[in-house]
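Visitor: Show me the folded form of this:
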Amino acid sequence: MSAVSNRAGSNRAVRNRPARNRPATNRPAWMEKPKPVTQAVKAVALTVIVLLVTVPFLIIVSTSLASNNDVVAGGGWVLWPEHPTLRAYREIFDGGIVGHALWVSAGVTLIGTAVSLACTIGLAYALSRRDVFGGKPVLLLILFTFLFPPGMIPSFLLVKGLHMLDSYASLIAPVLINVFNLVVLRGFFQSVPEELYEAARLDGASEWLILRRIVLPLSKAALAVVGLFYAVAYWNAWFYASIYLNSDHWPLQQVLRTYVIGGAQLADTSAGEAGQVAAPQTIQMAVLVVATVPILAVYPFLQKYFTKGVLTGAIKS
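Guide: Sure, this is the predicted structure:
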């Protein structure tokens, strides 16, 4: 009896022993708390990266709002304007070219993203099913175009043969489905448990109903990521516009490239009193801000889906 009491007392003593006297568990190195020196180095590196990203953008916005005297005093670039003005923005929109190009880019981006996303979803879902007829040969043909893309001359001849020159369809049809986005969606659809498909078929659901009621609600994160990829690609596209469209139908990115690189004039700035015309640097930066801010403003609304989709793809086996 005394032995049992002594053993119980020793067990209580072990449980009541201070945590600092207990042996440390063997944890991986990446789970250990970083040292103060490591934390300081990380903080400095993060600060430098943030400055490298924010300072150029701040210079662009500040220069677009600067007056002519601020631009001359700053040597062409302004970090903080002393006399901010919206003269550059009024001039580029009064000319009409930037306003029209902005509507063209917005329309091509919205319509192109919707059509591309719908076509990619349909093709990815069909290729993700094992029993679809001819699925593997079609997938191999699609991957072949990814490894060996067509050249510029065949693409131009195809667009010309389809009578799409100088039409906005030429900005969407040649890049309607991106192979990388297709492969991503196909892999995501394949990760949906097969039991859900079987249960839906037992209830009499068609393939369209399964896609709309089961697959798409489970794939919101992947759809947001792919949709953002398509939207950014359509918004930033300028190469096809320079080949297939006349200057009257150019999107915003092509107008920006023509003005910044070629030095073209966007607005009728010859009128007006002397000294009332914005400096060329402010005009260039104003066009750059107009071309960057719209697509930049969309990202915060898709950030949570974007992060979830990226993490899901990273941990998927």
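Visitor: can you list the weak-confidence ranges in the stretch 1-150 of the chain?
Guide: Low-confidence segments of the stretch 1-150 of the chain (pLDDT under 70): 1-31, 95.
Visitor: if you set the cut-off to 90 instead, what comes out?
Guide: 1-42, 53-106, 126-150 (pLDDT under 90).
Visitor: Repeat that for the stretch 151-300 of the chain.
Guide: In the stretch 151-300 of the chain, residues with pLDDT under 90: 151-171, 173-181, 183-229, 232, 236-300.
Visitor: Tell me where it has helices.
Guide: 152-161, 179-190, 194-202, 207-210, 216-218, 220-236, 239-244, 252-262, 280-315 (DSSP state H, counting those that start in this stretch).
Visitor: Now render those as a markdown table, adding distance to V104 and mean neighbour count.
Guide: Using the backbone N, CA and C atoms, a C-beta is placed for each residue, glycine as well. As requested, the helices of the stretch 151-300 of the chain are exported to a markdown table (distance: least, C-beta to C-beta, whole Å; neighbours: other C-beta atoms under 10 Å):
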| stretch | distance to V104 | mean neighbour count |
| --- | --- | --- |
| helix 152-161 | 18 | 13 |
| helix 179-190 | 23 | 18 |
| helix 194-202 | 42 | 12 |
| helix 207-210 | 34 | 14 |
| helix 216-218 | 30 | 13 |
| helix 220-236 | 11 | 20 |
| helix 239-244 | 9 | 18 |
| helix 252-262 | 7 | 19 |
| helix 280-315 | 12 | 16 |
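Visitor: Determine which of these approaches V37 most closely.
Guide: helix 280-315 (29.3 Å; C-beta to C-beta).
Visitor: now the helix or strand harbouring V138: how far from the chain's centre is it?
Guide: Element membership for V138, per DSSP states H and E: helix 135-147. Distance of helix 135-147 from the chain centroid (C-alpha atoms, centre = their mean, to the nearest Å) equals 25 Å.
Visitor: Also stretch 221-228?
Guide: The answer for stretch 221-228 is 9 Å, by C-alpha atoms, centre = their mean.
Visitor: Send me that stretch as PDB with only the CA atoms.
Guide: Coordinates of each C-alpha in stretch 221-228 appear next as PDB, following Å, rounded to 0.1, in the frame of the first residue of the first chain:
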ATOM      1  CA  ALA A 221     -11.500  29.700 -55.700                       C
ATOM      2  CA  ALA A 222     -10.100  28.100 -58.900                       C
ATOM      3  CA  LEU A 223     -12.500  30.000 -61.000                       C
ATOM      4  CA  ALA A 224     -11.600  33.300 -59.400                       C
ATOM      5  CA  VAL A 225      -7.900  32.700 -60.000                       C
ATOM      6  CA  VAL A 226      -8.400  31.700 -63.700                       C
ATOM      7  CA  GLY A 227     -10.800  34.600 -64.200                       C
ATOM      8  CA  LEU A 228      -8.200  37.000 -62.800                       C
END
